[in-house]
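> fold the following.
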Amino acid sequence: MLESIRKTLQPSGTTLVAVSKTRPNEAILRLYEQGQCIFGENRVQELVQKYETLPKDIQWHLIGHLQTNKVKYIAPFVQTIHSVDSLKLLVEINKQAAKNERIIDCLLQMHIAKEDTKFGMNEQEVQDLLKDEAYAKMENIRIIGVMGMATFTDDEQQVRSEFKHLKSISDQLKNTFFTKNNDFQHLSMGMSGDYKTAIEEGSTMVRIGSLLFR
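Alright, predicted model coming up:
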């Protein structure tokens, strides 16, 4: 299945994040041995445990909701945090990254779904964050794009519409705040059930779990 997904992603150059939450180390190693080096976890405790026991050249992404008091546990090693949904959280990531003499890649999580249970900022909130003086002073984080999750539904048109909306937000932010910043280039959207639609709508990074870990 990994090879099949890779072939689907290859023409667009989309990055595959293998979502390994709840999966045993043995299953992760099977994908790693096939050349998959980017894995995503939802929970900090599980991420730390896997980092400590699995190969050190794995690039770990935190894709789940992140509480500020847990940033310190992953700051020494996490490659990318997909779920930045407040200025407060970004301040803490920058603080902990500085303590570890690192720069951590971050994605701004946008709320695009018709579900209140999903986390993320609205367009005004993300603009306010990017205009804040505190953000302007940060030297240990790098905003590389936005992330969003579509509504969990069988209605492909609704999902496609939400992905289009996220792409438009990404383009607007690029043109307004990141015109001269080449780091801002990623659109993290699409999971096992909708990743093909996400790629068609401009995704540069998909988060796939259940299709890979069967």
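> which residues touch the nearest residue to Gly202 once chain neighbours are set aside?
Nearest residue to Gly202, sequence neighbours excluded (Cβ to Cβ, 6 or more residues apart in numbering): Lys167, at 4.5 Å. The C-beta positions use only the backbone N, C-alpha and C, and glycine is treated the same way. Lys167 makes contact with 187, 201-202 under the criterion Cβ atoms under 8 Å, 6 or more residues apart in numbering.
> cool, Ser170 as well?
Counting by Cβ under 8 Å, 6+ apart, Ser170 has contacts 145-146, 187, 202.
> state the helix or strand in which the residue nearest the centre of the chain lies.
Central residue of the chain (Cα atoms, centre = their mean): His82, 2.9 Å from the mean position. Following DSSP states H and E, one finds His82 within strand 80-84.
> following element in sequence after the lengthiest helix in the chain, please.
If you go by DSSP state H, the chain has its longest helix at helix 156-177. Next helix or strand after helix 156-177 toward the C-terminus (DSSP H and E): strand 186-188.
> so what's the gap between that next one and the chain middle?
7 Å (Cα atoms, centre = their mean, to the nearest Å).
> helices or strands next to that strand in the packing?
strand 141-148, helix 156-177, strand 205-208 (3 or more Cβ pairs under 8 Å, 6 or more residues apart in numbering; DSSP states H and E).
> partners of the first one, with directions?
By that I understand strand 141-148. strand 104-110 (parallel), strand 186-188 (parallel) (DSSP bridges).
> need these in JSON lines with distance to Ile38, mean pLDDT and mean neighbour count, can you?
Formatted as JSON lines, these follow (distance: least, Cβ to Cβ, whole Å; pLDDT from 0 to 100; neighbours: other Cβ atoms under 10 Å):
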{"stretch": "strand 104-110", "distance to Ile38": "12", "mean pLDDT": "98", "mean neighbour count": "24"}
{"stretch": "strand 186-188", "distance to Ile38": "12", "mean pLDDT": "98", "mean neighbour count": "25"}
